[in-house]
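1. Got a predicted structure plus its sequence, pasted below:
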Number of protein chains: 2
Amino acid sequence: MARIKDVADRAGVSTASVSRVLSGKENVSAEMRERVMAAVEELDYQPNLVARSLRSQRSSTVGLIVSDIRNPFFTDVSRAVEDTVHEQGYALFLCNADEDPEKEMLYLERMQAQNVAGIIYSPTRRSAESFPDLDISVPTVIIDRAVRSSEVDMVLIDNVDAAYRLTEHLIENGYRRIAGLFGKASVTGRERRQGYEEALQAHHLAPPDRQARYIAPKIEAGKATALRILAHDRPPDAILTTNSLLTAGTLMAIRERGLLTPDDVGLVGFDETTWGALVEPAVTIIAQPTYEIGTTAAGLLLQRVENPDRSPRKVILQGDLVARGSSAPRLGI
Amino acid sequence: MARIKDVADRAGVSTASVSRVLSGKENVSAEMRERVMAAVEELDYQPNLVARSLRSQRSSTVGLIVSDIRNPFFTDVSRAVEDTVHEQGYALFLCNADEDPEKEMLYLERMQAQNVAGIIYSPTRRSAESFPDLDISVPTVIIDRAVRSSEVDMVLIDNVDAAYRLTEHLIENGYRRIAGLFGKASVTGRERRQGYEEALQAHHLAPPDRQARYIAPKIEAGKATALRILAHDRPPDAILTTNSLLTAGTLMAIRERGLLTPDDVGLVGFDETTWGALVEPAVTIIAQPTYEIGTTAAGLLLQRVENPDRSPRKVILQGDLVARGSSAPRLGI
DNA sequence: CTGAAAGCGCTAACAA
DNA sequence: TTGTTAGCGCTTTCAG
């Protein structure tokens, strides 16, 4: 790989001048610019970003750490983040923590050690709780899962409200024994459970015995738990799930038991997916504004990169209830 | 952030010794090791990877560039790659080229400039064709989409064969007018079309007029094209698609037209997804061994990092035909 | 086994 | 406007 010295020699100028031209500084003569650019072309010179970053203590890559790359929510958000940062000349490096706090810490450290310009991430419950102690030294924006800190930018949705509305929707449609599958790795799971319980209470209902559970937010866990719940002697008449992986697992369980939705059991969940509207009946969901979450988070991050002292902001977006067949009104009421 | 100098001062030793301890060198006394580690603990020292990488010309991150982060095939592969490299102490940075050759080049350059240990990527057709000219200077493994070069490690599946079997499966089940939707950004699309055409020919059939098309490998394009094909005066009796995004789009189109699968039109595609078995009827697919592709690619890459002169290898895996309801035998034959 | 010193490739003061 | 020089934080010779 050609180095800046090679370019400088070829153009017959100093390395400082090459650097100035390449970083678009003002005070450079037209002739200098031309000669340097010619040499750059000829040598196909690509600046070494490692050296640049070490020296300038800056960089033009931002990092995104998602909890689970197989959850379409996060891939949709990442598309949005990418679009936004790309417009501003940043590249995006994505890491998958896979709901594992260890990996999350690893990547958090790694990204800082790589000197990224900023980090967007959705913390597991464990790191959400210890967030203030993490002392992250680069601009950071939290998405999806709140942390206990007013010192950091966050982009969230109102989970309590969303789960409340989703639960109430079931109740209004005549469902009474509503089971709940909540992601155990995140505060999101907690908040959604809260909304669920509040809605039940407001209607003088309670979660059916042992049918509201925190579980790993994965397809397999969703399926296994749903199978168990459906085998209960007093099975639920509806199941609420808090992410699309759990929804999928639950639907698999329902099918495996040979049950019909919504006749035997209603089903509602979170997040729009490729398949939510393709299965029969289509699944009722709270659609999160993934693209907006991503662009907003990226926008906040880049603002903070420019101006680290700006006061932190917490943006709360709303989910959108999309009622479909899987929670159709119960017959006979 | 504490620097190595701070650790050295605190421990009362030289920076060289700190470096030796941290990189696990042999010739260090037990006492030295102890003192250094104590200082590291106290200061919560994290080595600056940028500086380390600049100096040592090595790094412990590998890059993965995928064509489309929303295609479950790639997220599944990336999980596998991550698992493998993680075991060996590497971190994985993922980038999404979004089927855009420009972005792909950007990330390819970026990763090299960031001095990653190696790169795994699936090239768009454009870069697949110009691959030999790309002169990538770090170890590279190509996945999913072959390039014209015997100088590079690749992990692929036999696309011609897979598409042949998938097409033949339709023919054996009595379908005769088989439309085809092929991804236009990749050689994969080409190869699968070849298998499709060979199978048709072998059975003295031909693609229905204007019903075999190269299109953007996205849901929207799949849906739009399928709608158009289904509106043809002699519509197909089956549609073959070459990735799960196109399958989803096609299924949406079928539903929107109020058609039934497989009665009105059969449907087959590639890649196992969350939803492929959840829709009614379930979709017949060629399941690619995503996990094996990922671990194999990661393994080859790390081998090459250790030994850059090893002769290149081309690993060809087989897809697995999973016959389901969407291609059930036509009635009346 | 340990320390001093050079230098990875670049940018930012400072001079000229 | 341009060049010279120092040094970002680390690893790696080379002496000792």
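-> That came through, no problem. Numbering: from 1, shown residues only, chains lettered A, B, ... in the order given.
2. how many neighbours does residue A:99 have?
-> Applying other C-beta atoms under 10 Å in any protein chain shown, we find 20 residues neighbouring residue A:99. C-beta: built from backbone N, CA, C; applies to glycine.
3. how would you label the closest residue to it other than its chain neighbours: helix, strand or coil?
-> Among residues not flanking residue A:99 along the chain, residue A:185 sits closest, at 4.6 Å (C-beta to C-beta, 6 or more residues apart in numbering or on different chains). Look at residue A:185: counting by DSSP: H, G, I helix; E, B strand; the rest coil, its state is coil.
4. Tell me the helices and strands packed up against the host helix or strand of residue A:291.
-> If you go by DSSP states H and E, residue A:291 is part of helix A:290-306. Counting by 3 or more C-beta pairs under 8 Å, 6 or more residues apart in numbering or on different chains; DSSP states H and E, the packing neighbours recorded for helix A:290-306 are strand A:61-66, helix A:72-87, strand A:118-121, strand A:140-143, strand A:153-157, strand A:314-317.
5. returning to what we had before: return the backbone torsion pair for the residue nearest to residue A:99.
-> phi -90, psi -10 (degrees, to the nearest 10).
6. Then residue A:267?
-> The phi/psi pair for residue A:267 (degrees, to the nearest 10) is phi -140, psi 130.
7. How about it: which residues does it bridge to?
-> Per DSSP bridges, the residues bridged to residue A:267 are residue A:239.
8. what's near enough to touch it?
-> Residues near residue A:267 by C-beta atoms under 8 Å, 6 or more residues apart in numbering or on different chains: A:238-239, A:241, A:247, A:250-251, A:254, A:261, A:283-284, A:326-327.
9. now the residue nearest to residue A:99: how far from DNA strand C?
-> Going from residue A:185 to DNA strand C by C-beta to the nearest atom of the strand, to the nearest Å gives 40 Å.
10. For that residue, the count of nearby residues, please.
-> For residue A:185, using other C-beta under 10 Å, the count is 25.
11. Find me the pLDDT at the residue of chain A found nearest chain B, would you?
-> Nearest residue of chain A to chain B: residue A:275, at 3.0 Å (C-beta to the nearest C-beta). At residue A:275, the model reports a pLDDT of 95.
12. which parts of the stretch 1-150 of chain A sit against DNA strand D?
-> A:12-17, A:20, A:26-29, A:31-32, A:51, A:54-55, A:57 (C-beta under 7 Å from any atom of the strand).
13. are any of those residues buried, and which?
-> A:13, A:17, A:20, A:32, A:51, A:54 (16 or more other C-beta atoms under 10 Å in any protein chain shown).
14. Against residue B:114, how distant is the last one?
-> By that I understand residue A:54. Plainly put, residue A:54 is 12 Å away from residue B:114 if you go by C-beta to C-beta, to the nearest Å.
15. Show me the buried ones among the residues of the stretch 1-150 of chain A next to DNA strand D that map onto helices.
-> A:17, A:20, A:32, A:51, A:54 (DSSP state H).
16. what's the closest of these to residue B:179?
-> Minimum distance to residue B:179 across those is 53.5 Å, recorded for residue A:51 (C-beta to C-beta).
17. In contact with that closest one, which residues?
-> Here residue A:51 is in contact with residue B:54 (C-beta under 8 Å, 6+ apart).
18. Could you give the separation of the worst-scoring helix or strand of chain A on mean pLDDT from the chain centroid?
-> Ranked by mean pLDDT, DSSP states H and E, the helix or strand of chain A with the weakest confidence is helix A:125-129, at a mean of 86. Taking C-alpha atoms, centre = their mean, to the nearest Å, one finds helix A:125-129 lying 15 Å from the centre of the chain it belongs to.
19. buried set for that helix?
-> A:125, A:127-128.
20. Quick test: name the residue nearest the centre of chain A.
-> Most central in chain A under C-alpha atoms, centre = their mean is residue A:74, positioned 4.2 Å from the mean C-alpha point.
21. residues in contact with the nearest residue to residue A:294 once chain neighbours are set aside?
-> Once flanking residues are discounted, residue A:294 sits nearest to residue A:80: 2.5 Å by C-beta to C-beta, 6+ apart. By C-beta under 8 Å, 6+ apart, the residues touching residue A:80 are A:290-295, A:298.
22. Identify, from those residues, the entry nearest to residue A:154.
-> For the contacts of residue A:80, the nearest to residue A:154 is residue A:293 (10.6 Å; C-beta to C-beta).
23. Quick one: residues contacting the closest one.
-> A:77, A:80, A:143-144, A:155, A:157, A:317.
24. and these, which two are the farthest apart?
-> A:80 and A:157 (14.1 Å).
25. for the buried ones among the residues of the stretch 1-150 of chain A next to DNA strand D, which one is nearest residue B:198?
-> residue A:51 (51.7 Å).
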